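Visitor: Okay, predicted coordinates and the sequence, questions at the end:
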Amino acid sequence: MFLSSAPIIRASATAATVKTGVYCVVSLENTGATGITATGNSNIDLGCGMVTNSTSLNAAIATGSSSVHATPVAAVGDIQDNTHWNGAELLPFTVAEADPFAGVARPANFPSGSCPNYRAQSNRTAPPLVAGTDYIATSDGYYCMGDMNLQGTVTLPDGVYVIDGGDLSVGAQANVTCAHCTFVLTNRNQGVSGMQIGNVSVNGGAELHLTSSNSGTYSGILMYQDRRADSGSSATNQINGNSDSLLQGAMYFPTRTLDINGTAGLHFNCGQFVARTVNFSGNGTLTNTCTGGYGSNVIMGAHVRLVA
């Protein structure tokens, strides 16, 4: 156009934060440390997305001979593209993801006196658990134990297992079944820091058939770690298991690391992995399927999009 003066051209655009993607891996790490790592020769097939609040230029990384099938992969920081992501939609520099279970409170009511330690060193089927010997009931109807060490064949009754200051340990020869359970690692102390709060350790030879509680405060959550747990160098939860294992529900470790090792193959049904940092490793295949969807516990990503 030939004009006697320069025209004024105006344009407008509207951006909004919209829900995009279904996530089953959420790293709450919000510093410059890497939030999600996939390494080794692991084949990770999640059927959902992964997101981290890490501000690192390598907020989520896949290295070694790992093969990750998860989309989208999002981060507050950057994500370096490579063949390990198998063409996943990468969403760097996105909005931080809120803690999806921030509204789920730790148990508030504890019985008087120390809760007993629970041991299953050889074949043992429960129920019944022995009140006063294996556990002390809380006023909420939960099983309270000092810690749980499972080495044999154990069938646990449905319920919430409150582990007061101790660990949940599952040995290599264990075969553990529970139809509807939640394992809560906490401490009866009401302070805000300095509490002894245990970790989860599942040996790779163990066979697990565990499904989360289906009602109450911890519905849909299989493992819950108190948010007051410190994030020291040894603060790591390890989930392994043999190829016959099947775990269903959310695993929540908001201030500590979650290591998932697929050396012998490990299966999850509607698994959700929420931790400060999440690491996948091993030499086998890890699969997660959720044919019916996550229902009310679904985790959606929030991303800025141009909408007009």
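Guide: Arrived safely.

Visitor: ok, now how distant is the residue nearest to Ser296 when sequence neighbours are not counted from Ala250?
Guide: With C-beta to C-beta, 6 or more residues apart in numbering as the criterion, Ser296 has its nearest non-adjacent residue at 7.5 Å, and that residue is Gly220. For every residue, glycine as well, the C-beta is placed using N, CA and C. According to C-beta to C-beta, to the nearest Å, Gly220 and Ala250 sit 6 Å apart.

Visitor: The two: which is more packed in?
Guide: Ala250 (26 against 20; other C-beta atoms under 10 Å).

Visitor: From Gln225, how far off is that one?
Guide: Using C-beta to C-beta, Ala250 is found at 11 Å from Gln225.

Visitor: Equivalent analysis for Tyr252, please.
Guide: Tyr252 is 6 Å from Gln225, by C-beta to C-beta.

Visitor: same question, Ala62
Guide: Distance, Ala62 to Gln225, by C-beta to C-beta: 26 Å.

Visitor: Equivalent analysis for Tyr142, please.
Guide: With C-beta to C-beta as the criterion, Tyr142 and Gln225 are 16 Å apart.

Visitor: who's more crowded, the two?
Guide: Neighbours per residue, other C-beta under 10 Å: of Tyr142 and Gln225, the larger number sits with Gln225, 28 against 23.

Visitor: I'd guessed the more buried one sits against Asn187; true?
Guide: No: counting by C-beta atoms under 8 Å, Gln225 sits too far from Asn187 to count as a contact (10.8 Å).

Visitor: got any residues that touch both of the two?
Guide: Common neighbours of Gln225 and Asn187 are listed as Ile197 (criterion: C-beta atoms under 8 Å, 6 or more residues apart in numbering).

Visitor: okay, and for the protein, where does confidence drop off?
Guide: 1, 16-17, 122-127, 233-234, 262-264, 303, 305-308 (pLDDT under 70).

Visitor: Grab the most central residue of it for me.
Guide: Geometric centre of the chain, nearest residue: Phe273, 2.4 Å, by C-alpha atoms, centre = their mean.

Visitor: Next, please give the residue ranges for the strands of the stretch 201-308 of the chain.
Guide: 207-212, 221-225, 236-239, 246-261, 266-281, 285-289, 300-306 (DSSP state E, counting those that start in this stretch).

Visitor: Only C-alpha atoms, please: export the second one in CSV.
Guide: What follows is strand 221-225, C-alpha atoms only, in CSV (Å, rounded to 0.1, in the frame of the first residue of the first chain):
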residue,chain,number,x,y,z
ILE,A,221,-4.0,-43.6,48.0
LEU,A,222,-1.9,-46.7,48.5
MET,A,223,1.1,-45.2,50.2
TYR,A,224,1.2,-41.8,52.0
GLN,A,225,4.2,-40.2,53.6
